[in-house]
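Student: using only what follows, build the 3D model:
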Amino acid sequence: MSFSYYLSILFVLLLVSEKSYSKAILPSNQLNSKSKWTQNGVTIAGGNQFGNALNQLYDPTGISIDDDNQTIYIADSGNDRVLQWKVGEKQGRIIAGGNGRGNGINQLDWPTDVIVEKETNSILICDLNNRRVVRWSLENQAYGQIVIPDVDCGGLKMDSQGNLYVSDYVNNEIRKWSNEFAKGIIVAGGNGKGNQLNQLNYPIYFFVDKDESIYVSD
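Tutor: Numbers count the residues shown, from 1 in each chain. Now for the predicted structure:
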């Protein structure tokens, strides 16, 4: 079962389970209905006011956790970059963007989400204002590759089969992308903006479980 993380505007807080607390910064993901959360979190990234130094964040909006490497990937929106932050370190490392705001292949413009794609040893980034999803290799970090163009991407997720899900906050829908679907297929919303049970209104964050059911923050 996945564990939850919460973001603040200036820093990332990690809430650890009282039931399984240890000296490890990342908690166990073996949570159950009896698990309780501590009232106070531990700052694991940022927390040094807003700014563009490597120990600072500016409006971070999305994170991805690589449990194998004990690493956090942060969509540092206000700085138009993605940081790699290893557990216990005092500062992060720029692995995507960081070359000024723009639409160049080596630039980002307000990235809102990031996920790790283990199969290709890369990250996928929701490049909001450039209306695209880009893949950025963790081995060659000089520039990215456009994976999905012309999409108003707010959030990203990947299921266990490697299918990519994208929330489109303008078209109020979530699409599933795979090699089988060149243009993606709508799996939630897509019936105009509204409050009916078949509609969404500015969806950004969502979650895909092991059964490929989708939970949307509408």
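Student: list the contacts of Gln91.
Tutor: Neighbour list for Gln91: Ala53, Leu54, Asn55, Trp85 [criterion: CB atoms under 8 Å, 6 or more residues apart in numbering]. The way it works is simple: take the backbone N, C-alpha and C, and place the C-beta from them, glycine included.
Student: any idea of the mean pLDDT for stretch 135-142?
Tutor: For stretch 135-142, mean pLDDT is 89.
Student: next, the buried residues of that stretch.
Tutor: Arg135, Trp136, Ser137, Leu138, Gln141 (16 or more other CB atoms under 10 Å).
Student: how long is it from one end to the other?
Tutor: End-to-end distance of stretch 135-142 (CA to CA, to the nearest Å): 12 Å.
Student: and the residue lying closest to Asp109 once chain neighbours are set aside, its phi and psi?
Tutor: Distance criterion CB to CB, 6 or more residues apart in numbering; nearest residue to Asp109, sequence neighbours excluded, is Asn129 at 3.8 Å. Backbone torsions for Asn129, taken as degrees, to the nearest 10, come to phi -70, psi -20.
Student: equivalent analysis for Asn130, please.
Tutor: Main-chain torsions, Asn130, degrees, to the nearest 10: phi -90, psi 0.
Student: tell me who's in contact with it.
Tutor: Asn103, Leu108, Asp109.
Student: one more time with 7 Å, if that's ok
Tutor: Asn103, Asp109 (CB atoms under 7 Å, 6 or more residues apart in numbering).
Student: look up how far Tyr215 lies from it.
Tutor: Asn130 sits at a distance of 27 Å from Tyr215 (criterion: CB to CB, to the nearest Å).
Student: what do you get for Asn106?
Tutor: Asn106 is 34 Å from Tyr215, by CB to CB.
Student: what's the answer for Asn40, then?
Tutor: 27 Å.
Student: between the two, which one's more packed in?
Tutor: Tyr215 (11 against 8; other CB atoms under 10 Å).
Student: list the contacts for the more buried one?
Tutor: Phe206, Phe207.
Student: just list whatever residues bridge to it.
Tutor: With beta bridges defined as DSSP bridges, Tyr215 has these partners: Phe207.
Student: pLDDT value on it, please?
Tutor: The per-residue pLDDT reported for Tyr215 equals 96.
Student: check Ser178 too.
Tutor: Looking at Ser178, the pLDDT reads 87.
Student: quick one: contacts for the nearest residue to it once chain neighbours are set aside?
Tutor: Spatial nearest neighbour of Ser178, excluding adjacent residues (CB to CB, 6+ apart): Asn163 at 4.5 Å. Contacts for Asn163 were tallied using CB under 7 Å, 6+ apart; they are Lys176, Trp177, Ser178.
Student: OK, contacts around the first one?
Tutor: Put plainly, it is Lys176. Contacts of Lys176 by CB under 7 Å, 6+ apart are Asn163, Tyr165, Gly184, Ile185, Val187.
Student: among those, who's most crowded?
Tutor: Going by other CB under 10 Å, Tyr165 tops those with 23 neighbours.
Student: which element is that residue on?
Tutor: Following DSSP states H and E, one finds Tyr165 within strand 164-168.
Student: list the pairing partners of that strand within its sheet, with orientation.
Tutor: Assessed with DSSP bridges, strand 164-168 is paired to strand 153-158 (antiparallel), strand 173-178 (antiparallel).
Student: now, which of the buried residues of stretch 135-142 sits nearest Pro149?
Tutor: Arg135 (12.4 Å; CB to CB).
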